[in-house]
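A.B. asks: Structure of the sequence below:
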Amino acid sequence: MTKIVVGVTGASGSVYAVRLLQQLQQRSEVETHLIVTRAGEKTLYQETGLKINDLKEMANQWHSIEEIGASIASGSYLADGMVVAPCSINTLSAIACGLTSNLLIRAADVTLKERRRLILMVRESPLHLGHLRSMVAVAEIGAIVAPPLPAFYNKPQTIEEAVDQSVLRILDLLGLPESGAKRWHGC
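C.D. replies: Numbering: from 1, shown residues only. Coordinates of the predicted model:
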């Protein structure tokens, strides 16, 4: 069983978390653990009309942001990787500094210290030097900074297609490629 932790923050782009959880839910070999910040709950509702219970139903397990003693807060729990989708600059900065004041950033810290894959779908633009330095810091300690940027070689016709392309790239990074994904084959 592949165990993936999904963190959701208050950055714009909660649709990425929804689509990622939907994709992972279709795979019987994947177990998902969900953590959502308070700001993430608000943004989810503002952007999608979904409530936290809707998101909880898409995950195998849900953990409260305050549940610092959860299984995923320990390196002895063998999670295979973690995605923060979307990832706020606040969360990125906390991870970069090694802060562990809530379960989401504690789980990210554990993921890094155990040398497991941590993928941060950072959502901010434009970026100032402090943002960029935080991105460099997390990359230096092992995280993958993967902003959800649309690719246009697929000629997406809808927002959903553009979102799916970013989510499929995340699945690739997790080692869970989607066989039907449109891929670049050269000119």
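A.B. asks: can we go C-alpha only for contacts and neighbour counts from here?
C.D. replies: Will do.
A.B. asks: Any figure for the gap between the closest residue to residue 2 other than its chain neighbours and residue 176?
C.D. replies: Closest residue in space to residue 2, ignoring its immediate chain neighbours: residue 30 at 4.7 Å, by C-alpha to C-alpha, 6 or more residues apart in numbering. Distance from residue 30 to residue 176, counting by C-alpha to C-alpha, to the nearest Å: 9 Å.
A.B. asks: How about residue 5?
C.D. replies: Taking C-alpha to C-alpha, one finds residue 5 at 14 Å from residue 176.
A.B. asks: just checking, what's the longest helix in the chain?
C.D. replies: Counting residues, the longest helix in the chain under DSSP state H turns out to be helix 159-173.
A.B. asks: returning to that earlier point: and the residue nearest to residue 2, how many neighbours does it have?
C.D. replies: Here the number of neighbours of residue 30 (other C-alpha atoms under 10 Å) works out to 15.
A.B. asks: so what's it up against?
C.D. replies: Shown in contact with residue 30 (C-alpha atoms under 8 Å, 6 or more residues apart in numbering): 1-4, 24.
A.B. asks: What lies in contact with stretch 114-125?
C.D. replies: By C-alpha under 8 Å, 6+ apart, stretch 114-125 touches 11-13, 75, 80-89, 92, 108, 111-112, 142-148, 170, 173-174.
A.B. asks: Buried residues, that stretch. List them.
C.D. replies: 116-124 (16 or more other C-alpha atoms under 10 Å).
A.B. asks: And the helices in the chain?
C.D. replies: Here the chain has its helices, by DSSP H, at 14-25, 38-48, 52-56, 89-97, 103-113, 129-140, 159-173.
A.B. asks: Looking at those, which is nearest to residue 70?
C.D. replies: helix 103-113 (7.7 Å; C-alpha to C-alpha).
A.B. asks: Just the angle for the closest one relative to helix 129-140, thanks.
C.D. replies: 50 degrees (axes from the mean of the first three to the mean of the last three C-alpha atoms, to 10 degrees).
A.B. asks: let's have the chain start at 19 instead
C.D. replies: Happy to do that; since the first residue is 19 now, the last one works out to helix 121-131.
A.B. asks: Can I get stretch 192-205 in CSV, CA atoms only?
C.D. replies: Provided in CSV are the C-alpha atoms of stretch 192-205 (Å, rounded to 0.1, in the frame of the first residue of the first chain):
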residue,chain,number,x,y,z
LEU,A,192,5.1,10.7,-6.6
GLY,A,193,6.0,7.7,-8.7
LEU,A,194,2.3,7.1,-9.6
PRO,A,195,2.1,8.0,-13.3
GLU,A,196,-1.3,7.9,-15.0
SER,A,197,-1.2,5.7,-18.1
GLY,A,198,-3.6,7.9,-20.0
ALA,A,199,-1.7,11.2,-19.4
LYS,A,200,-0.9,13.3,-22.5
ARG,A,201,2.8,13.5,-22.8
TRP,A,202,5.2,15.5,-25.0
HIS,A,203,6.7,13.4,-27.7
GLY,A,204,8.8,15.9,-29.5
CYS,A,205,8.4,17.9,-32.7
